[in-house]
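Colleague: pasting a predicted model and its sequence here:
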Amino acid sequence: MPAEPTSHRSHWAARVGQTLWSRRAHPLEGVALGLVLALLSALPVLVARLPQMGDYAAHLARYRVMLDAGRSPFLTRYYSFEWKWTGNVGFDLAIGWLAPFLGLEPAGRLLIILIPILTGLGILATEWALRRRIGIASMLAMTFIWTPALIMGFVNFGMSMAAALLAFALWVELRRKRWRWAVFLPIGVIVWACHVSGWGILGIMVFGYEWSREKSWRAFIAPWPLLLPVGPLLFGGGTKGILTYGANVLVYKEAIWKRAMRDQVFWLDMATPLLIAAAFLAALCWRKVDGRLGWALLLLVLASFAVPRRIVGGDYADYRLIATAFLVACLAIDWRPPRIVLWLAPALFLLRLGYTTAAWDEGSRQMEQILTTLDYLPQGAKVASPVGLERGDWPNNSFDHLAGYAVVRRDALTNVNFAIPTIHMLQVREGGHAFADPTQRLNYRPGERIDLTNYAPARMADYLWYIGKAEPAALPPGAEVIYRTPGSLLARLTTPRHLAIPRRRR
């Protein structure tokens, strides 16, 4: 008698194993899973009241001046703003429409919630347009929604990447339509306006797709509907930043590849590109790589080495391409795995998302505590804000431009703004470029003494707002500490300007 139940259980286990390892998922199963993951990708922003992006507060400061339009006497005195129609204004345009209804900070947070969700939807749309299914490619590609570029606060680029993926999916969908060119004339402009890098990536993906279909001269001219923004680029429209590779190019290129997915956890960030590279190489060996994206992947990898670090005023132009190349590599994997593999594939994305969400939650709490300092700043204060950054610290620092909130909430003059002449739309009237980013950065080695005695921006300020894990050993002469929080201190600068701080001897 006991033999029959045992046989029955064995048969049931065999059927379950066959279902998990042999049966493929229903097409709608992948769609449902993908949609859930795309929505989950916004979790860090939903959990954190204050987005933990290094550049974000400086962007908010620019939007505050842009939207003020001369109403605040302090902002009018301290800053000027000249609108430029350029390939780097996607977030600026969107927040300009939303902020009058929602308020500046809520509008900014809403847009940041939308960026990862739209990027995830762009990933799903791309795979669906190519294969009419959602599979392991999208599950792995979700890992590259939260890239270092987005975490650092490159919000215009983030918008452009979401737009580029959605636009590429539409390009594929309309491949048999003769009127496709008319649709993509305005789409090319929209993606370019979000950010020129996303526009370039869209062009590479379109070319790679067309080249895989027909390896002829036609592939080179196929992306022509996207070329409408070339005029402003060539004939002086927008910013006039120079192209520069910087010093020690080979060392720098090696460093950005090692930091391809730098976020919070060193071992996880280093393992992520290696795991994806291994998965792609396995797919290549098994001839499971979709050439319609494979050519774009090759071009993106080559471009990451060939493209300068700075283009049209934007930093890390080449760095942004690396994570994008990994995203495209994931989408190029054309394999229909067993159901269990499909459901396990998002594990890497979910693991990284969990660490990012926890870091954003903790960082937001600390940031809110530090921002209580604003209660001790008068309206229109002049603030010099050094930020201590420990060399070799792996997690991305989200406090680099935190004093930008003094512009947003106190109409203050701060030294953390992006305000390089001929490049940025915001300019600082008092102090000029000597009182703008990156004068706030104080890089120090572990155990090194932080001495602010000769901190140059303090000569032009009434307050010094230091932010950093290690407290400074010395403040400028005459500085009187009036408020402290964990990770920051605020000092009133009382020394007369002509006696304030002697210049360094050379």
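Modeller: Alright, I've got the coordinates.
Colleague: so what's A470 up against?
Modeller: Counting by C-beta atoms under 8 Å, 6 or more residues apart in numbering, A470 makes contact with 388, 390, 444, 450. C-beta coordinates here come from the backbone N, C-alpha and C atoms, glycine included.
Colleague: closest one to T143 out of those residues, please.
Modeller: Nearest to T143 out of the contacts of A470 is E390 (C-beta to C-beta; 27.7 Å).
Colleague: quick one, what contacts that closest one?
Modeller: 443-446, 469-470.
Colleague: that one and T439, how far apart?
Modeller: Distance, E390 to T439, by C-beta to C-beta, to the nearest Å: 18 Å.
Colleague: shaky segments in the protein?
Modeller: For the chain, the stretches flagged by pLDDT under 70 are 1-22, 232-242, 312-313, 495-506.
Colleague: now with 50?
Modeller: 1-4, 16, 496-506 (pLDDT under 50).
Colleague: and the residue nearest the centre of it?
Modeller: L150 (1.4 Å; C-alpha atoms, centre = their mean).
Colleague: wait, that one touches G158, no?
Modeller: Yes - using C-beta atoms under 8 Å, L150 is in contact with G158, at 4.6 Å.
Colleague: now do the shared contacts for these two.
Modeller: Common contacts of L150 and G158 (C-beta under 8 Å, 6+ apart): 115-116.
Colleague: who's in contact with D269?
Modeller: By C-beta under 8 Å, 6+ apart, the residues touching D269 are 259, 261-263, 394.
Colleague: strands along the stretch 51-200 of the chain, start to end?
Modeller: Secondary structure of the stretch 51-200 of the chain (DSSP state E, counting those that start in this stretch): strands at 79-81.
Colleague: which stretches in it count as helices?
Modeller: All helices of the stretch 51-200 of the chain, identified by DSSP state H, counting those that start in this stretch, fall at 56-68, 73-78, 90-102, 104-131, 136-141, 148-152, 155-173, 180-194, 196-213.
Colleague: how about the third one: buried residues?
Modeller: Neighbour-count burial for helix 90-102, with 16 or more other C-beta atoms under 10 Å as criterion, is recorded at 90-92, 94-95, 98-99.
Colleague: next: stretch 466-477.
Modeller: Neighbour-count burial for stretch 466-477 [16+ other C-beta under 10 Å]: 466-468, 470, 472, 475-476.
Colleague: need the max-distance pair from the residues you listed.
Modeller: Greatest spatial distance in those: A470 and P476, 17.4 Å, computed using C-beta to C-beta.
Colleague: what's the most distant pair in the contacts of A470?
Modeller: E390 and I450 (10.0 Å).
Colleague: quick check: neighbours shared by the two?
Modeller: 444, 470.
Colleague: touching, L130 and A296? I think so.
Modeller: No - counting by C-beta under 8 Å, L130 stays clear of A296, with 11.8 Å between them.
Colleague: returning to what we had before: reformat the contacts of E390 as a markdown table; add secondary structure.
Modeller: Converted to a markdown table, the contacts of E390 look like this (DSSP: H, G, I helix; E, B strand; the rest coil):
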| residue | secondary structure |
| --- | --- |
| N443 | strand |
| Y444 | strand |
| R445 | coil |
| P446 | coil |
| K469 | coil |
| A470 | coil |
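Colleague: looking at those residues, spot the one nearest T414.
Modeller: Nearest to T414 among the contacts of E390 is N443, at 19.3 Å by C-beta to C-beta.
Colleague: I'd guessed the closest one sits against L389; true?
Modeller: Yes - using C-beta under 8 Å, N443 is in contact with L389, at 5.1 Å.
Colleague: quick one, which of the two is more surrounded?
Modeller: Using other C-beta atoms under 10 Å as the criterion, N443 and L389 rank with L389 on top: 17 against 13.
Colleague: show me the contacts for that one.
Modeller: L389 makes contact with 397, 400, 441-444, 468 under the criterion C-beta under 8 Å, 6+ apart.
Colleague: list only buried entries from the residues you listed.
Modeller: When the contacts of L389 are checked for burial by 16+ other C-beta under 10 Å, the buried set is 397, 400, 442, 444, 468.
Colleague: wasn't W394 part of a strand?
Modeller: No - W394 is assigned coil when assessed by three-state DSSP, not a strand.
Colleague: didn't it look like it was pressed against F266?
Modeller: Yes - W394 is within contact range of F266, at 4.8 Å (criterion: C-beta under 8 Å).
Colleague: which residues touch stretch 208-219?
Modeller: Stretch 208-219 is contacted from outside by 168, 171-172, 207, 222-223, 291-299, using C-beta under 8 Å, 6+ apart.
Colleague: just the closest of those residues to R339, please.
Modeller: Closest to R339, out of all of those and judged by C-beta to C-beta, is L293, at 24.1 Å.
Colleague: quick one: that closest one and L331 touch, right?
Modeller: Yes - the pair formed by L293 and L331 meets the contact definition of C-beta under 8 Å, at 5.4 Å.
Colleague: give me the common contacts of those two.
Modeller: With contacts taken as C-beta under 8 Å, 6+ apart, the residues that reach both L293 and L331 are L130.
Colleague: can you list the buried residues of stretch 466-477 in CSV and add secondary structure and distance to L351?
Modeller: Shown next, in CSV, are the buried residues of stretch 466-477 (DSSP: H, G, I helix; E, B strand; the rest coil; distance: C-beta to C-beta, whole Å):
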residue, secondary structure, distance to L351
Y466, strand, 35
I467, strand, 30
G468, coil, 29
A470, coil, 31
P472, coil, 37
L475, coil, 42
P476, coil, 45
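Colleague: return the set of buried residues in stretch 103-115.
Modeller: 104-105, 107-109, 111-115.
Colleague: what do you get for stretch 56-70?
Modeller: Neighbour-count burial for stretch 56-70 flags 56-68 (criterion: 16+ other C-beta under 10 Å).
Colleague: hmm, who's touching it?
Modeller: Residues from elsewhere that reach stretch 56-70 (C-beta under 8 Å, 6+ apart): 75-76, 79, 81, 83, 91-92, 95-96, 99-100, 104-105, 108, 112, 153, 155, 398, 401-405, 407-408, 414, 416-418, 424-426, 437.
Colleague: can I get that stretch in PDB? Just the C-alpha atoms.
Modeller: The C-alpha coordinates for stretch 56-70 follow below in PDB (Å, rounded to 0.1, in the frame of the first residue of the first chain):
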ATOM      1  CA  TYR A  56      19.600  67.100  -8.700                       C
ATOM      2  CA  ALA A  57      19.600  69.900  -6.100                       C
ATOM      3  CA  ALA A  58      21.700  72.100  -8.500                       C
ATOM      4  CA  HIS A  59      19.100  71.400 -11.300                       C
ATOM      5  CA  LEU A  60      16.300  72.400  -8.900                       C
ATOM      6  CA  ALA A  61      18.100  75.600  -8.200                       C
ATOM      7  CA  ARG A  62      18.300  76.400 -12.000                       C
ATOM      8  CA  TYR A  63      14.600  75.600 -12.400                       C
ATOM      9  CA  ARG A  64      13.800  77.900  -9.400                       C
ATOM     10  CA  VAL A  65      15.600  80.800 -11.100                       C
ATOM     11  CA  MET A  66      14.000  79.900 -14.500                       C
ATOM     12  CA  LEU A  67      10.500  79.900 -13.100                       C
ATOM     13  CA  ASP A  68      10.900  82.900 -10.900                       C
ATOM     14  CA  ALA A  69      11.300  85.200 -14.000                       C
ATOM     15  CA  GLY A  70      12.600  88.100 -12.000                       C
END
